[in-house]
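Undergrad: this is a predicted model, with the sequence first.
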Amino acid sequence: MSQSLDIDLLRSFVAIAETGVLGQAAVRVGRTQSALSMQMQKLEGIVEQPLLYRTGRGVTLTATGERLLVRAGELLRKHDEALAELRGRQLSGVLRFSCPDDYAVVFLPYLLQSFASLHPQVQLEVMCAPTPRLHELLARHAVDLALVSVAGATGSTGAATGDDVIRREPLVWVAQRGGAAASMDPLPLALGAPDALDHLLPRQALEAAGRAYRLAYASSSLSGLVGMARSGQAVIVLTRTAVPDDLQILTSEHGLPDLPSVGVTLAFDRDEPSALTAAFAAHVRKFLPAA
């Protein structure tokens with residue numbers, strides 16, 4: 001008798017593929033590790049091929065596992081969409097969302113709370129990282145959508161990007177209130193990830209203005225950057241809405257060039273997002289406050 005691909009088996013398989021660790025995957029799907037291992041043995045028996053390599057550091061996919069992962073994602077999305085439609089479009093499932101730290105601090109609490117109140121059966125998983133890392137996660141289908149920064153009206157980084165810029169965020173120089181960092185020569189800078197806009201654009205502005213600088217600290221950690229500014233040892237660059245009240249925004253009066261704004265938009269891991277992903281994207285576009 002022929003066997004079919006069971007949805008629960010596929011969901012567990014995808015969880016293992018995405019986490020790379022049986023323990024984390026077991027928590028995600030609500031099973032024990034031993035139960036998860038038995039599920040994978042059953043799935044490998046159905047496809048009659050090994051799907052996983054088990055190593056001391058975790059789990060990786062075989063070539064057959066990689067092919068199944070693509071199909072499993074498609075089947076799970078279709079299943080969840082059909083189930084939501086039959087239930088009267090009551091959304092459920094897991095939504096994986098990501099954004100940079102500074103957007104998370106300002107926007108995330110309200111966006112998540114308001115969406116959860118509308119769709120209580122949706123499980124939200126959130127990851128924060130600089131925009132270049134978010135595009136890498138999207139390319140690997142490790143997240144469903146991300147709130148990202150773009151230099152122009154739209155982005156083009158390989159992943160599908162929102163049709164419009166939802167809001168614009170001015171970049172600003174920030175330092176200890178009343179501190180002397182802005183007057184130092186060369187200017188001590190603490191900037192974000194080297195390939196992120198909040199790192200590249202300030203350096204370009206300083207070089208165009210002929211202002212000497214040195215990179216005192218580089219990190220994708222928002223708390224680390226803010227800590228450097230509070231110490232008085234460096235000037236940092238943040239989006240205006242993310243500036244803490246105890247720090248000072250510096251202007252041209254402090255001998256610093258004006259910085260451009262960056263656009264905030266949504267990027268997706270695929271051209272045709274699931275019904276759940278599309279619903280959350282519409283929610284973000286509707287409720288994210290305009291600058």
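TA: Noted; the coordinates are in hand.
Undergrad: rest of the way, CA atoms for contacts and neighbours
TA: Will do.
Undergrad: what's the closest non-adjacent residue to Ala218?
TA: Nearest non-adjacent residue to Ala218, counting by C-alpha to C-alpha, 6 or more residues apart in numbering: Leu191, 4.9 Å away.
Undergrad: what residues are up against that neighbour?
TA: Listed by C-alpha atoms under 8 Å, 6 or more residues apart in numbering, the contact set of Leu191 reads Asp198, His199, Leu215, Tyr217, Ala218, Ser219, Leu225, Ile236, Val237.
Undergrad: and it, how far from Ala142?
TA: Distance of Leu191 to Ala142, computed by C-alpha to C-alpha, to the nearest Å: 26 Å.
Undergrad: following the helix or strand of the chain with the lowest mean pLDDT, which helix or strand comes up?
TA: Between all helices and strands in the chain, the lowest mean by mean pLDDT, DSSP states H and E belongs to strand 160-161, at a mean of 44. Downstream of strand 160-161, the next assigned helix or strand under DSSP states H and E is strand 167-176.
Undergrad: and that next one, what does it pack against?
TA: For strand 167-176, the elements it packs on are helix 222-231, strand 235-239, strand 247-250, strand 261-268, judged by 3 or more C-alpha pairs under 8 Å, 6 or more residues apart in numbering; DSSP states H and E.
Undergrad: is it possible to get a markdown table of those that adds mean pLDDT and distance to Arg285?
TA: Converted to a markdown table, the helices and strands packed on strand 167-176 look like this (pLDDT from 0 to 100; distance: least, C-alpha to C-alpha, whole Å):
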| stretch | mean pLDDT | distance to Arg285 |
| --- | --- | --- |
| helix 222-231 | 93 | 24 |
| strand 235-239 | 95 | 19 |
| strand 247-250 | 95 | 28 |
| strand 261-268 | 93 | 9 |
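Undergrad: Val29 contacts Phe13, doesn't it?
TA: No. Counting by C-alpha atoms under 8 Å, Val29 does not reach Phe13; the two are 9.9 Å apart.
Undergrad: mind listing the helices for the chain?
TA: Listed in chain order, the helices of the chain (DSSP state H) span residues 7-19, 22-29, 33-47, 63-86, 101-118, 131-139, 197-209, 222-231, 275-287.
Undergrad: between the ones you listed, which one is nearest to Glu253?
TA: helix 197-209 (14.0 Å; C-alpha to C-alpha).
Undergrad: ok, Pro186 to Arg214 distance?
TA: 6 Å.
Undergrad: kindly apply the preceding question to Ala229 instead.
TA: Per C-alpha to C-alpha, Ala229 is found 15 Å from Arg214.
Undergrad: between these two, who's got more neighbours?
TA: Ala229 (24 against 13; other C-alpha atoms under 10 Å).
Undergrad: how about the nearest residue to that one, chain neighbours excluded?
TA: Per C-alpha to C-alpha, 6+ apart, closest to Ala229 is Ala175, 4.9 Å.
Undergrad: number of residues surrounding that neighbour?
TA: Counted with other C-alpha under 10 Å, the neighbours of Ala175 add up to 29.
Undergrad: and Ser117, by the same measure?
TA: Ser117, neighbours per other C-alpha under 10 Å, totals 10.
Undergrad: what do you get for the one 5 residues further on?
TA: Using other C-alpha under 10 Å, Val122 has 17 neighbouring residues.
Undergrad: next: Asp198.
TA: 25.
Undergrad: repeat that for Gly224.
TA: Gly224 has 16 neighbouring residues, counting by other C-alpha under 10 Å.
Undergrad: again, but for Pro170
TA: Around Pro170 there are 15 residues (other C-alpha under 10 Å).
Undergrad: which residues does it bridge with?
TA: Ser261 (DSSP bridges).
Undergrad: appreciated, that's everything.
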